[in-house]
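Q: Prediction below, plus the sequence it came from.
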Amino acid sequence: MAADKTQVLAVQILTGIGGRGNISRLENCMTRVRIEVFDELLLNIPELKKLDGVKGYVKQGAQHQLIVGPGAAAKVLDAMQSLLENAADTSLNRPLIDPKDQAASNKALAKAKYSAPMSGALRQLANVFIPLIPAFIASGLITGIINLLKRPDIAGGLALDYPNVLALLGVFGGAVFAIMNILVGVNAARVFGGSQAMGGVMAGILSSPQLAQITLFGEVLQPGRGGVIAVLLVVALMCWIEKRLRQWLPESVELILNPLLTTLITATLAIIILQPLGGVISDAIAQGVNLAIDQGGLLVGALLAGTFLPLVLSGLHQGLVPIHVELIQSHGANPLLPILAMAGVGQVGAAFAVLLKTRNARLKKVIKGALPVGILGIGEPLIFGVTLPLGRPFIAACLGGAVGGALICYWKVATVITFGISGLPLALTIISGKVMLYLTGVLITMVAGFIFTWMMGFNDPEE
């Protein structure tokens, strides 16, 4: 997105959300600008959806999310923050619309809400892992490169000639997993409202190699047992204890006693109760998912991929993030992600069908802009800008995804990455011997999404 267009879009978004005085929180993820406001009546949602550069709109809880695409989200946010810091433009202090005119729109949005009751809590859980996405992506791609370099039919004798190079790449690709629990502990403390350094300390205690030298209640302690599940449980308790002690302790000694007591109390309960509990939960999740995929075959794959996008709409998909991480930590491979990736691939096939059938010039423009990133695994512009508003194409895309998910599950395709990549780029991280099967699944899913959409049709929107 060009700098001038980014600046224009930033101004338009600020005025459309009611001016700088209406912003209570402003942030971004990979594809969305996320905004929370003080007064919902000052929002002009219909106009925001029409802005050139906005590919879709989602509301989750109190958060309004404008989909502007990968890379563009960070640039738009930077431009908005720069505008907010410079108070010269007073037009940004007032909304563009009469609040009375927005009442009908707010009522319609309330009826159209998709969020489930638990979506807010699960979004908090996902926020622990979202900052780690760049590290996961780098790790997965480096691992994929290593797999390619080890193949004689692709790289010849490079692996034998330069073993140290591959060894270094292995260190680069595995580094995120060496400190995974620490990173999760720090982020969890931030999300749960505690001291981030203390969150890292709690994770460090759970992962300490010295635990293996200690026997408690007749059992040798296991460093890292329970993985990120145990870390989340322990850090949540730590934040609760830290907040309570801050209320109860006198101010004169709170700075000294709070971290001491928080560490002693939390760490003791962690070792005795929460880490073993986290281990049980972690094992149950990893074994349960693998068992379901191994034994369920076509049916389980179809259900997982076919229902994933409705989970995205409700916000419940965020609860899957720790499961992806646990699968990698426990087994070194993630069979769930390639199955779920087919849901987005089905959207691509559906969008191609809509592109060929629609006569709406604006819709064609949206699809042409969203298809490239959709193929690369960023499906939100297609979902919220094309298939979901049209209705039947969204259902058709889910059916296409179900076809692909069934095949990917049946073929036992897995990836070495937790999450963060989808679509064609995910092929670089697929385990050895399954890459062609994954690409075949992608092609079949696109075709299925296209056929289902063509057969089901849609009401072509008027210009």
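A: Right, received. Where do you want to start? Keep in mind that this is a model prediction, so the values were computed, not measured. Numbering: from 1, shown residues only.
Q: Residue 340 - that's part of a helix, no?
A: Yes - per DSSP: H, G, I helix; E, B strand; the rest coil, residue 340 lies within a helix segment.
Q: how much space between it and residue 449?
A: Applying CB to CB, to the nearest Å, the value for residue 340 to residue 449 is 15 Å. Every C-beta, even on glycine, is put in place using the N, C-alpha and C of the backbone.
Q: do the same with residue 180
A: Residue 180 sits 35 Å away from residue 449, going by CB to CB.
Q: quick one, which of these two is more surrounded?
A: Comparing residue 180 with residue 449 by neighbour count (other CB atoms under 10 Å), the higher total belongs to residue 449, at 33 against 24.
Q: Look up how far residue 345 lies from the more buried one.
A: Residue 449 is 7 Å from residue 345, by CB to CB.
Q: Residue 142 contacts residue 168, doesn't it?
A: No - using CB atoms under 8 Å as the test, residue 142 is too far from residue 168 to be in contact (10.2 Å).
Q: out of these two, which sits in the busier spot?
A: More crowded of residue 142 and residue 168, by other CB under 10 Å: residue 142, with 21 against 11.
Q: tell me which element the more buried one is part of?
A: Using DSSP states H and E, residue 142 sits in helix 133-149.
Q: buried residues in that helix?
A: By 16 or more other CB atoms under 10 Å, the buried positions in helix 133-149 come out as 133, 135-147, 149.
Q: need the contact list for residue 450.
A: Counting by CB atoms under 8 Å, 6 or more residues apart in numbering, residue 450 touches 349-350, 352-353, 400.
Q: again, only using 7 Å
A: Shown in contact with residue 450 (CB atoms under 7 Å, 6 or more residues apart in numbering): 349-350, 352-353.
Q: Nearest to residue 384 among those?
A: residue 350 (13.3 Å; CB to CB).
Q: How is that closest one classified with respect to secondary structure?
A: What three-state DSSP gives for residue 350 is helix.
Q: Same check on residue 84?
A: When the rule is three-state DSSP, residue 84 gets the label helix.
Q: what's around it, how many residues?
A: 16.
Q: circling back to that earlier point, state the mean pLDDT of the helix holding residue 142.
A: Mean pLDDT, helix 133-149: 79.
Q: and the next helix or strand after that helix, what other elements does it pack with?
A: Using DSSP H and E, the helix or strand that follows helix 133-149 in sequence is helix 152-155. When contacts are defined as 3 or more CB pairs under 7 Å, 6 or more residues apart in numbering; DSSP states H and E, helix 152-155 sits against helix 133-149.
Q: what does the helix it packs on contact?
A: Here helix 133-149 has contacts from 30, 154-155, 158-159, 166, 169-170, 172-173, 176, 416-421, 428-429, 432, using CB under 7 Å, 6+ apart.
Q: Now go through the residues you listed and say which are in strands.
A: In strands, judged by DSSP state E, none of the contacts of helix 133-149 are found.
Q: Would you mind checking the residues you listed for buried ones?
A: With neighbours counted by 16+ other CB under 10 Å, the contacts of helix 133-149 contain buried members at 30, 155, 158, 166, 169, 173, 176, 416-421, 428-429.
Q: Please, where are all the helices along the stretch 101-250 of the chain?
A: 119-129, 133-149, 152-155, 158-161, 163-178, 180-192, 196-207, 227-248 (DSSP state H, counting those that start in this stretch).
Q: after the last one, next one along is what?
A: Using DSSP H and E, the helix or strand that directly follows helix 227-248 along the chain is helix 251-269.
Q: just checking, what packs against that next one?
A: By 3+ CB pairs under 7 Å, 6+ apart, helix 251-269 packs against helix 196-207, helix 227-248.
Q: Check which helices and strands the shortest one sits against.
A: Read that as helix 196-207. Using 3+ CB pairs under 7 Å, 6+ apart: helix 196-207 touches helix 180-192, helix 227-248, helix 251-269.
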